[in-house]
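Novice: the following block contains a protein sequence and its predicted model.
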Amino acid sequence: MRFFAILKIAFRALRRNLMRTLLTMLGIIFGILAVIAGVSMGAGAKAQVEARIAGLGQNVVQVISGNVSRGGFRMGYGSAPTLTQADLDSIRRDINGINGVSPEVRAFAQVATGNQNNNVQIQGVDVPFVEIRSWPILNGVNFSEADVRTAGKVALIGKTASKTLFGDGGNPVGQIIRIKNAPFTIIGELAAKGTSGFGSDQDDTILVPYTSAMKRLSGQTTFRMFYMQASSPALLDNVKAQVNELLRDRHKIAEGKDPDFMVMTQQELSDTMSETSRIMTIVLGVIASVSLLVGGIGIMNIMLVSVTERTREIGVRLAVGARGRDVLMQFLTEAVVLSVVGGALGVLGGIGCAYLLTKQFGFPTLVSNSAVVAAFCVSAAIGIFFGFYPARKAASLDPIDALRFE
């Protein structure tokens, strides 16, 4: 029997019980929809993480302070400022293979200008910070080494903070702001950076020399973090090892003991966050696979019912010369048509769902061509797998017994 003739008969048989056909396809539709939406969410989250990690800069190594013990409990990294000016000086002097290093002091403070008064994140950093973080200055200039030495009252302002304090389109360069009642002159406006890997707005910030932040604003004498830039990607691990050895020696951390700091390369941070996205994608995929399994069982059940209902029809076909393989192909084609059409509708639904997630809720999604092709292949495979047994049962019927069936 020709393929197109088999296909025509399959569509005619499925149209005969249209409501049952649609209900049978629902399992496949929702299963494929869940797969497409889940994979798109995972891919979108991974792409966003990679973009945000890239936003940290190039070849960045971070040293995070903390992880101290209090009362027998580990407080975790960032829980205590354990990095000092002497540590910073030692890194500058003794670490090879870096282009620059900058400490970071962070605090939130009231910032006032004109009739505006807002709570803004203040970051105390060194001159190389904007270069390490690949953060261009749109207008104005960076502060200088002299500004750092003298704790100068100068600042760089992020896009969000600028818009909040000076309005959309306002030029902040040359303006004077008051941070905790200390006057600072804005000498540069930073390019938009977007959200960080942890979801915070990086542009809602003001950068000042770290000496100014420590002496005039926070009163801190230690740092929460160091940023440094390796000269090339190949030197990242080497720089990390040097910093680990140097700080363990300076902090007198015995061999086998946990340090009161953590050194992390940009690649390690990317791998950690990508692993989280991968686990989320796997979990969503497993849930979607259960839906597909249920859909496949539904197809097998309906095809078995169809074989029973059409036993006399099968007997007539066999009696007038149809071969067993023709009957097998007919029922197998019906099962594949059910799953493929359901898969196509599921793909369209999944793409639409991904679009709505991004449009309405701002969740990053990325629909890939490979996911769409894989969905079609999976839906066809489900039709073949779950449709083969009913088709085989129909093909093996005895024509005489089939004709007698009531």
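Specialist: Looks like it arrived, so ask away.
Novice: burial of Arg15, as a residue count?
Specialist: The local packing of Arg15 (other CB atoms under 10 Å) involves 9 other residues. (C-beta placed from N, C-alpha, C; glycine too.)
Novice: distance of it from Lys8?
Specialist: Distance from Arg15 to Lys8, counting by CB to CB, to the nearest Å: 11 Å.
Novice: cool, Thr308 as well?
Specialist: Using CB to CB, we find Thr308 at a distance of 23 Å from Lys8.
Novice: try Gln110
Specialist: Per CB to CB, Gln110 is found 76 Å from Lys8.
Novice: ditto for Met225
Specialist: Look at Met225 and Lys8: by CB to CB, they are 69 Å apart.
Novice: do a quick rundown of the helices in this structure.
Specialist: Secondary structure of the chain by DSSP state H: the helices cover 3-16, 18-54, 85-94, 129-132, 145-149, 159-166, 210-212, 236-250, 266-309, 311-319, 324-361, 369-395, 399-404.
Novice: can you list the buried residues in the fifth one?
Specialist: Looking back up the chat, that one is helix 145-149. 147-148 (16 or more other CB atoms under 10 Å).
Novice: average pLDDT for it?
Specialist: Averaging pLDDT along helix 145-149 yields 94.
Novice: which other residues reach that helix?
Specialist: Outside helix 145-149, the residues within contact range by CB atoms under 8 Å, 6 or more residues apart in numbering are 126-127, 152, 154, 209-212.
Novice: 6 Å - rerun?
Specialist: Residues outside helix 145-149 that contact it (CB atoms under 6 Å, 6 or more residues apart in numbering): 127, 154, 209, 211.
Novice: run a quick neighbour tally on the second one.
Specialist: If I follow you right, that is Val154. Neighbour count for Val154, taken as other CB under 10 Å: 20.
Novice: is it bridged to anything, and to what?
Specialist: Going by DSSP bridges, Val154 is paired in beta bridges with Thr185.
Novice: show me what contacts it?
Specialist: By CB under 6 Å, 6+ apart, the contact list for Val154 reads 143, 147, 185, 187.
Novice: give me that answer again for 7 Å
Specialist: 143, 147, 184-185, 187 (CB atoms under 7 Å, 6 or more residues apart in numbering).
Novice: next: the third one.
Specialist: The neighbourhood of Pro209, defined by CB under 7 Å, 6+ apart, consists of 124, 143, 147-148, 151-152.
Novice: ok, now how distant is it from Val154?
Specialist: Distance, Pro209 to Val154, using CB to CB: 7 Å.
Novice: just name the closest of the contacts of helix 145-149 to Leu284, please.
Specialist: Val127 (45.0 Å; CB to CB).
Novice: report how many residues lie close to the closest one.
Specialist: 17.
Novice: likewise for Asp89?
Specialist: Around Asp89 there are 11 residues (other CB under 10 Å).
Novice: out of the contacts of Pro209, who's nearest Ala322?
Specialist: For those, the nearest to Ala322 is Gly124 (84.5 Å; CB to CB).
Novice: so the closest one bridges to which residues?
Specialist: Here Gly124, judged by DSSP bridges, has bridge partners Val105, Val208.
Novice: my guess is it contacts Lys215. True?
Specialist: No. In this structure, Gly124 is not within contact of Lys215 by CB atoms under 7 Å, at 9.6 Å.
Novice: lowest-confidence helix or strand of this structure?
Specialist: Averaged element by element with mean pLDDT, DSSP states H and E, the chain has its least confident helix or strand at strand 73-74 (a mean of 40).
Novice: can you give me the distance of the residue nearest the centre of the chain to Ile282?
Specialist: Among the residues of the chain, the one closest to the centroid is Ala45, at 1.8 Å (CA atoms, centre = their mean). Separation of Ala45 from Ile282 (CB to CB) stands at 13 Å.
Novice: same deal with Ser162?
Specialist: Going from Ser162 to Ile282 by CB to CB gives 42 Å.
Novice: out of the two, which sits in the busier spot?
Specialist: Legend: neighbour count by other CB under 10 Å for Ser162 and Ile282, higher for Ser162 (26 against 12).
Novice: Leu348: what's it in contact with?
Specialist: With contact set as CB under 7 Å, 6+ apart, Leu348 has no partners.
Novice: how much space between it and Met19?
Specialist: 21 Å.
Novice: do the same with Ala288
Specialist: Noted for Ala288: a distance of 25 Å to Met19, by CB to CB.
Novice: Gln58: how many residues sit nearby?
Specialist: Gln58 has 15 neighbouring residues, counting by other CB under 10 Å.
Novice: let me fix that, I meant to ask about Val130.
Specialist: Neighbourhood size, Val130 [other CB under 10 Å]: 21.
Novice: just the pLDDT for it.
Specialist: Val130 is assigned a pLDDT of 92 by the prediction.
Novice: over to Asn118?
Specialist: pLDDT for Asn118: 87.
Novice: what of Gly42?
Specialist: Per-residue confidence for Gly42 comes out at a pLDDT of 77.
Novice: isn't it up against Ile279?
Specialist: No. Using CB under 7 Å, Gly42 is not in contact with Ile279, being 9.2 Å away.
Novice: who has more neighbours out of these two?
Specialist: Shown here are Gly42 and Ile279; by other CB under 10 Å, Gly42 has more neighbours (22 against 11).
Novice: so what's that one closest to, chain neighbours aside?
Specialist: Among residues not flanking Gly42 along the chain, Thr281 sits closest, at 2.9 Å (CB to CB, 6 or more residues apart in numbering).
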